[in-house]
Structure formats: structure tokens, C-alpha cells
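1. task: produce atomic coordinates for the following.
(2 chains)
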Amino acid sequence: MRRVAAERAKRLLIRSFLAPQSSAAVSSPFSFLSSYSAAAMSTASTPVVSLDSINPKVLKCEYAVRGEIVNHAQLLQEDLKAKPGHHPFDEILYCNIGNPQSLGQQPVTFFREVLALCDHPSILDRDETHGLFSADAIARAWDILDVIPGRATGAYSHSQGIKGLREAIAAGIASRDGYPCNADDIFLTDGASPAVHMMMQLLIRSEKDGILCPIPQYPLYSASIALHGGSLVPYYLDEASGWGLEISELKKQLEDARSKGITVRSLVVINPGNPTGQVLSEENQRQIIEFCKKESLVLLADEVYQDNIYVGDKKFNSLKKIARSMGLGDKDISLVSFQSVSKGYYGECGKRGGYMEVTGFSADVREQIYKVASVNLCSNISGQILASLVMNPPKPGDESYDSFTAERDGILLSLARRAKALEDAFNSLEGVICNKAEGAMYLFPRIHLPKKAIEAAKAANSVPDTFYARRLLDATGIVVVPGSGFGQVPGTWHIRFTILPQEEKIPAIISRFKAFHESFMEEFRN
Amino acid sequence: MPPKPLDYESLNENVKKVAYAVRGELYLRASELQKEGKKIIFTNVGNPHALGQKPLTFPRQVVALCQAPFLLEDPNVALLFPADAIARAKHYLSMTSGGLGAYSDSRGLPGIRNEIAEFIKRRDGYPSDPELIFLTDGASKGVMQMLNSIIRNDRDGILVPVPQYPLYSATISLYGGSLVPYYLEEEENWGLDLDNVKKSVATARANGITIRAMVIINPGNPTGQCLSEANLKEILLFCYRENLVLLADEVYQQNIYQDERPFISARKILLDMGPPISKEVQLVSFHTVSKGYWGECGQRGGYFEMTNLSPQTVDEIYKVASVSLSPNVPGQIFLGLMVNPPKPGDISYLKYSAESKAVLDSLRRRAHIMTDGFNSCKNVVCNFTEGAMYSFPQIRLPPKAIEAAKKAGKAPDVFYCLKLLEATGISTVPGSGFGQKDGVFHLRTTILPAEQDMPAIMASFKKFNDEFMEQYENYRGFSRI
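-> Predicted coordinates for the structure are as follows:
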């Protein structure tokens, strides 16, 4: 039952990628519901909360990163515990989700020292504490507690987050970009995802409101747009040119959507890209900003991978920095920039820390954003503290600087090596082309599936890349996300593979994958 | 200059409709005054630690160790942390795959959900399924998720008590549903009279609304009333007959200040009633680490437990939860510790017990101090705070005050509360933020200011109130006792 529902929803998702929702396509599910609600007014025995009567937007929403393949992997994992030796592998390798610390990446020591002290400040007065914690961690904990009213880390804070921490973050942003940042423009959230949801909530009034999203995209965007009842307007990144973003493609999709009666409200840019990993050039960024200004679009800049860049010839530039360098300020462009503590070299996914920096909106819109934030009172304080640490790490001269730098560089260099090793491995496989991961945490190889495989997938009532991913899982225990979860040019098939398994495991993973792939291609050879 | 892409006119209308007075006008004014140097006593939100309540020691020790697991390898850690905190940190870390920094299962760590199920079983005497317990970043997120699943369009109505905690009205507005109010009876200590509920349902249905769910807040917010067993039975029977899902906000279940009506969970009563009701009524129960005697609001830890929802529906709710990846892991550990605290014989038990008891006993005393203080004012009638964290006195305002409010463009209780704020620094929330009968005015304050500060705060309130009444009633010696 679940699979049928998931497949149906997946087809809806793919359709929504390929064409903006027309009002005709959306109204058909509702006519069923309005006749139902008349029946529900009597004492019907159908439960209130059932698949027939649940909010249809919930049904429409899909999120493949934790979808069908992962559910199956979890069942296999239980099976492995109960019946060891029953499968051709000993463990499930979760390469589906950007969750570094679940695969052995260690947290940054300095950050955890400060967080522990802020969680239990009563030990700051004890002599023994100096033996267990570094001096600059103790000093930073004091600094942070001093900006928290009453030093109460268990109290709800200001709904945008603690002012002193926002000031620290704003200083970090200004130092990164070379342009000023206002602490009152920052909204600290439980991870970047809730901030994205907030913006979708504000922007989407009906299915006639469209949001331009890159294809392939991180499916938070498609899921959020579906949940809020809007339309996803896809723009295709160009696989042949390293997943480049062409302004001509943006223009084409915008005009196409408008001709169908869609009001395009916003453009989502993920830089570095997910799942593609491409890092935008400055020229590209200038074109994007000009485009948004000209077409009156809110620019949503997902920059959560800003600290994950693996190529020497590219660097991260925030879209805000580029806009300011073009002389464009608050009056000229509406821009929301998202950052998170989950990625980078810190990988603190479980903490749920992040923020959005909101610039270029009128005061009355800002009030509304604040109001929505206030209903949830505030984000978790520990996550707020962590965000301020990420944007303000140890500096030269600090006691922890050397060990911090060693940890940071160790992680980043290892990620770069793993990205290269996996990229080369994929490119060595028959029928597989893999673009370089310039940044982020993923590889997105394209797999030319033989006709026989595609037919077998159809016969199994499965999308071809999901069929491939399922076979991969059953043969090797490796969990990936099928490309259809992110969107792709129709008729092309991809998988998303994280670069996060520990470095010493990579050779074994590569050889398992190779063995599976060769056998798969052999099985379905024409 | 082209129009801005997102201006006030082009905002989602539902967002504009949202009102959340707890951090609305009064709070914003109070914050302004605070910036200008005025001493403000924030009693607008149930935020115990902000008013001096200290965190319990044991949970902070455990979570600090979980944050910095390298401490566990240091031989000197025992100098700063008791052995049971160390053991407990290891216990929770072993539940994770990668410590606090890894996304957990989107429903929360299975180990914690097991501990919560055990707690529910001990509390109610019935087993609970951890698969039907979902952890969230605070109970509010869980409430929003459930309401989002239920509300399809503006003809879907949700029964909400008046007065209510405005998370419900705000969320219903945000998701485009209809709020169907049912009035609590102030004269009956804010009792729930089912006839009021039936009346509201009939009116709503006559207007084409499909009633989908009923919210109860037990103990109540802002009213504090604790529902009796009989009350809960008739509510459940009503939901059964009318095919409504019951949303039981039970976040204050550990804040009870009288002994006649201890807390009983809606789930226990439901299961006591036996089949068919116990197998058919759909129920979602909410709890949190923010209240009780823990008061750990800033951790954002909460859960909801689903009863009688089909597996397919639970899957859909799981799917939506997965879009947000996972609730924050430290908050999950706080939940585990709350439902599974130190036991007699544990090293930390005595301290934990003493700290908890001190908070609860003090809250009970403060509930009385505040109620009595309000009732000593001639124009104020205040029901006793049976539970939760608030006092919701009714303030009788003279006609001249109401006129002055109108002239100032403010609702009368907003006018009163602003004047109270400016005169005394006490920042409350006007009753209109929670809903009240027409022409009847209240304010909500918390019972959270430190016990030693209470007498001065009540005296300060009384002084302001009497002067206000003298000014607007032209009656000298108004409340001179």
C-alpha cells in the first residue's frame, strides 16, 4: 500500500518537474474531497485522519532522500541483525544522506567544548574545569553566556535568536564578504530547512505562484512547494558543461511559466550545488542577480555548502557579496541567504542550527516574517550558539587555533580525496559518466541504463533509476538516492552518492559497486 | 523603481491573518522600554529560566557529557561529574549512530521513543507503541504538523477552547482552516461544559463547516483548569459520536497545584472506556520538556503520541517529518531524561528529587500568592490556578476607561496592559490574545517570577490598578483596605 502511494506521488512529482501545475491538473483531486466532506458531516465511521481525508498537499509532497530505498534499507538492517550471513554484505552503508557524523566524521573539538560548557555553566567556576577544557573554550563560553539574558540557556530567546549571537554571526558574515551585515537581518532557525519553509509560506498564495528551482535539486524545495500548494518551475542545469547554469534557460522557463498563467515569485539557487556540487562563477552570479532584479524575483540563496569546496580554481562567493559588489543594495534586490551548521567541516546535522539572512524587504514584510517566527517562539539555543561558533571559529593566536585548523583541514582534504576517488571510480564504469564534485558532499553520476533494464524496471512497476538503486542495495548494502528524487532531464538516469563514508572504507565500497555494476550491465545486455 | 517582488500586498494572505499575542504588541513595547533602560518583568510567556528558575543539575550534566564525549575518556571527568551522569551519557550516546551531531531517525531516536513509551505505560497503566511516538523540535512543531495534516481548506473547522493558547488560532489561520470556538465557563472555575461545545458545533455546521478535530488543553492555558475524569469521558464520547480527532495538549501535566483533580491523560480514559470507543476514537497527545518543573524551553524538545491512526496515515506523517530530517538530538535526550529521571538509589537521586520538589512546591505557593493578590483588588476576580503556569484574572474596567481605550485606538485590555507595563514594568498579555467573551476583559500573567519577588510585584500591580481605577472611576479610595 505504501509503495503504491509512493509511486503515485512520485509520478506527480516528476510531472510537476516537467511542467508547471495548471489549475486543471490541481483541481481534480479536490472535487473528490468536497463530496466527501458532505458525507463526513454525518456521523460517518471513516476516521477523520485517514488517507482519504488528510490534507492532499501532504499526500503530494515527496522526499526521496528518506524515501522508498531508505525504508527498504532499514528493513534489511533489521534483517541483518536477526539473520547474519543471510545477505551478501555485512552492513548497510548509508550513502544517501549528507550526515557526516553518522559515518564516523568527528565533531570539531573546540565547538563541542564550548557547547558542553554552555549546557552546564555551573562547572565554569570549578578549578577542575581548567584541566578538562581548553582556556579559549572556557573564555568563549563566558563570552556567549554574557550575551544570553540571565545566562539562561534553557530559556526561550528572542524569536530571531539571541541578539549577541546574531551580532557575532553578522560580524562573521561581514568579515567573510567584506560588506556590512545587520544582526537584525538574521533569523536563527532549527536548521536551514525551517527557514526555507518559512519563505515558501510567505511567497506562495496559490498554485498559481511559481518558484524557479534548479533541476536536479535538493528535494526540500519540491517538497516544501508541494506542502504550501505552489508550483515548481524547473530550470535545467547543463550536465554537459559541468552542471552549468545558463541564463537563457532561466529566461526560457520563466517565460514558459508566465505564458501558462503562473506568477513566478522567486528563484532558488543552490551554491555549491546539491546534488551536483558545482560552484557558480562570479560571472554567473552577476547574471543571476541581474536576472532577479530585472524580473522582480526574490532570490533564495541556499549556501549551506559554502565551506565545502574541493577545487583550487574556485572559491565561494556569497550572492550577497556579489550583489553588493555590483552596487546593489537593499533597495535593489530582495535576497534571502541560508546557512546551516549541518555541512561544511563541522557536519553538526543533529544539532539543528542554521539561519537565514533577509535583505531587501520592506519593514511591513519584515514584521510578518518576525510574526511567523514568533509562533514557534525560538530555535534551540544550543544550535544558535553553534551557528555563532561556525561563523566565528578560532583565530590565529587562540590556544585552540592550531588543533582547530588541523581538524578542519584534515576533514576537508579527506573529503576532497574521497570526492576524487569516487568520481574516478564512477567514470571507469561502463555506461557511467560522472561530473566532478567541485563542492558540497555528493556525486551525481549518470548511468546509461540498457533498454532491457528499463523494460525490467517497468515490469516491476518501478522507475528505472530506483530499480537500479534497489538492486544495488540488495546486492551490496549500499544505499543511494535515485536521481528521480532530484529531477533530471527525462530519459536520463542518475544516482546521488555521498562522499562521506570513511576514507579507509572507500576502496571496498568502490570494488563492491564495480562488481555489482558489471554484473547488472551483463544481466541486462542486449 | 520596479515594485518589490515580495511586498505586503503580495504576501500569502494566511500569513497576514496570523496573530500571536504572546510575542505581539505588549511584548514588543516591553522590549522597547527595556532597551531604553526600564526594568521589565517579563510575565508574557511560560519561560521559567528567564525568571531565575535554575535548570535541574542532572540533565545538564548528562547532556554536557554527550556534547563532549572526549571528556568520557579523561580520567579526571569524575571530579566534575557524578558516576550516574557519566553512565547515562554513555547510555544515550550508544543510542545514536554518531553522537549528537548526526541526524537521527526522522521520528526521533528509537531508544528515546522506547523510554517515552515506558513512561506512558507507567503513568497510564496501558502499553504504548514507540512507533506511534514522534519527537519534534518542541511540542508546537508537532501541533503544527498535525493541524497541517488535518486542514484541507477553509471549510475544515477545528474546535478550540476560549480562552486558548494562541498557537492554535495562529496555526489554523496559517493553514487556512476555520477556528470553531467553544467557551469555557469562568464562573465554574473555567470548567468545560459540553453543551457549549455542542452549541458551537451546531452553529459551525449550519455555516457549512466540517468539524474535524477538537483541541483540549489539560491543564489549561491560560486558565489552568484541570479536567476531571468525567469531563474527559464525556469529551471522548462526544468525539466518538461526532467523528472528531481529539488533540490533547498535555504539556502542563506535571504542573498541578491542587489535589482534588490530579492529572489523568486523555489516553488513559480512552482506553479505560474499552471497545468500540477505545479502538476508534483518534487521539493525538502532546508533551514537552519546556514546562513541568524542568522548564527547558530553549532546548526545543517535545513529542506527540498517536492513537488509532491507520498505519498508512502514520506513514504520511512520517514522510512529512522526514522533510525536516530530524528533531534536534540534545532536545531528544532531555526528553529521555525527563521521562526516565534518576531513581531512588541512584547517586543523583536525592539532589534531583530535592531540586524538583523545590520548584513544584514553590510554584504551588506562587499560584496561591498570585490568585490571592489579584482577588484582593475590588475590580479583579481571579480563578485559582489549578495547574499550568499562568494566572488569568478578570479585570472589570469602568466605562470611562473603555472610552479612553477607544480614543487611543486600542482594545480595552490592551490599553490597560500597556498602562500597567509603563507604570510597573510588568509585561503581561491582554486577554484578547487568548479569546474571551465580548465585553469581559482579562490579562494573562505567569506565576513564574521568583517567590521572593512576588509580594513586591503584587503590591506594584495593586498600586497601579487602584490608581487606574481612581483615575477612570472618579471614586476616591477605590480599593483602600
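2. contacts only, for residue 370.
-> No chain specified, so I'll use chain A. Residue A:370 makes contacts with A:159-160, as judged by C-beta atoms under 8 Å, 6 or more residues apart in numbering or on different chains. Glycine gets a C-beta too; all of them are placed from N, C-alpha and C.
3. that's the other chain; I wanted chain B
-> So residue B:370 contacts B:382, B:385, B:391, B:445, B:447, B:454, B:458 (C-beta under 8 Å, 6+ apart).
4. one more pass at 6 Å, please.
-> By C-beta atoms under 6 Å, 6 or more residues apart in numbering or on different chains, the contact set of residue B:370 is B:391, B:447.
5. for the strand or helix carrying it, buried residues please.
-> Assessed by DSSP states H and E, residue B:370 sits inside helix B:349-375. For helix B:349-375, the neighbour count (16 or more other C-beta atoms under 10 Å in any protein chain shown) marks B:352, B:355-356, B:359-360, B:362-364, B:366-367, B:369-371, B:373-374 as buried.
6. for stretch B:66-74, same thing?
-> B:66-69, B:71.
7. can you report phi and psi for the residue lying closest to residue B:227 once chain neighbours are set aside?
-> Once flanking residues are discounted, residue B:227 sits nearest to residue B:218: 4.6 Å by C-beta to C-beta, 6 or more residues apart in numbering or on different chains. Backbone geometry at residue B:218, expressed as degrees, to the nearest 10, gives phi -140, psi 110.
8. again, but for the one 5 residues further on
-> Comment: the main-chain dihedrals of residue B:223 come out as phi -80, psi -30, following degrees, to the nearest 10.
9. that one and residue B:190 touch, don't they?
-> Yes - between residue B:223 and residue B:190 there is a contact under C-beta atoms under 6 Å: 3.8 Å.
10. please identify which of the two sits among more neighbours.
-> Each of residue B:223 and residue B:190 has its neighbours counted (other C-beta atoms under 10 Å in any protein chain shown); residue B:223 has more, 30 against 21.
11. OK, contacts around that one?
-> B:190, B:392.
12. recalculate using a threshold of 8 Å.
-> Taking C-beta under 8 Å, 6+ apart, one finds B:163, B:184, B:190, B:383, B:388, B:390, B:392 in contact with residue B:223.
13. just the closest of these to chain A, please.
-> Chain A lies nearest to residue B:390 out of the contacts of residue B:223, by C-beta to the nearest C-beta, at 15.0 Å.
14. what's around that closest one, how many residues?
-> Using other C-beta under 10 Å, residue B:390 has 29 other residues around it.
15. look up how far residue A:172 lies from it.
-> 39 Å (C-beta to C-beta, to the nearest Å).
16. related to what we said a few turns ago, could you flag which of the contacts of residue B:223 are buried?
-> Using 16+ other C-beta under 10 Å, the buried ones in those are B:163, B:184, B:190, B:383, B:388, B:390, B:392.
17. point out the residues in the stretch 351-500 of chain A that sit beside chain B.
-> For the stretch 351-500 of chain A, the residues in contact with chain B (C-beta under 8 Å from any C-beta of the partner chain) are A:351-352, A:360-362, A:364-365, A:368, A:371-372, A:374-383.
18. mark which of these are buried, thanks.
-> Neighbour counting by 16+ other C-beta under 10 Å classes A:351-352, A:360-361, A:365, A:368, A:371-372, A:374-383 among those as buried.
19. picking that back up, so who does the residue nearest to residue B:227 touch?
-> Each residue near residue B:218 by C-beta under 8 Å, 6+ apart is listed here: B:226-227, B:232, B:248-250, B:252-253, B:263, B:266.
20. check the residues you listed for burial and list the buried ones.
-> By neighbour count, with 16+ other C-beta under 10 Å, these hold B:226-227, B:232, B:248-250, B:252-253, B:263, B:266 as buried.
21. chain A: strands as residue ranges?
-> Ranges of strands in chain A, per DSSP state E, are A:93-94, A:186-189, A:209-215, A:231-236, A:263-270, A:298-302, A:335-340, A:354-359, A:432-433, A:442-443, A:446-447, A:478-479, A:481-482, A:495-498.
22. those into TSV, with extra columns for mean pLDDT?
-> What follows is the strands of chain A, written out as TSV (pLDDT from 0 to 100):
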stretch	mean pLDDT
strand A:93-94	93
strand A:186-189	98
strand A:209-215	97
strand A:231-236	97
strand A:263-270	97
strand A:298-302	98
strand A:335-340	98
strand A:354-359	98
strand A:432-433	98
strand A:442-443	97
strand A:446-447	98
strand A:478-479	96
strand A:481-482	96
strand A:495-498	97
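23. so which of the ones you listed comes closest to residue A:426?
-> Between residue A:426 and the strands of chain A, the tightest spacing by C-beta to C-beta is seen for strand A:432-433, at 5.2 Å.
24. give me the residue at the spatial middle of the chain.
-> Chain wasn't specified; assuming chain A. When C-alpha atoms, centre = their mean is applied to chain A, the residue found nearest the centroid is residue A:218 (5.4 Å).
25. that's the other chain; I wanted chain B
-> The centre of chain B sits closest to residue B:251, judged by C-alpha atoms, centre = their mean, with a distance of 5.7 Å.
26. quick one, phi psi at it?
-> Dihedral pair for residue B:251: phi -70, psi -20, per degrees, to the nearest 10.
27. I'd say it and residue B:139 touch.
-> Yes - here residue B:251 reaches residue B:139: they are 5.4 Å apart, a contact under C-beta atoms under 8 Å.
28. anything in contact with each of these two?
-> With C-beta under 8 Å, 6+ apart as the test, residue B:251 and residue B:139 both reach B:286-288, B:290, B:302.
29. now for the residues you listed, which pair is the farthest apart?
-> Within the shared contacts of residue B:251 and residue B:139, two members stand farthest from each other by C-beta to C-beta: B:286 and B:290, at 11.1 Å.
30. need the overlap of contacts for residue B:223 and residue B:190.
-> B:184, B:383, B:392.
31. so who does the last one touch?
-> Just to be clear, that refers to residue B:392. Residues in contact with residue B:392 (C-beta under 8 Å, 6+ apart) are B:163, B:190, B:222-224, B:382-383, B:431, B:434, B:442-444.
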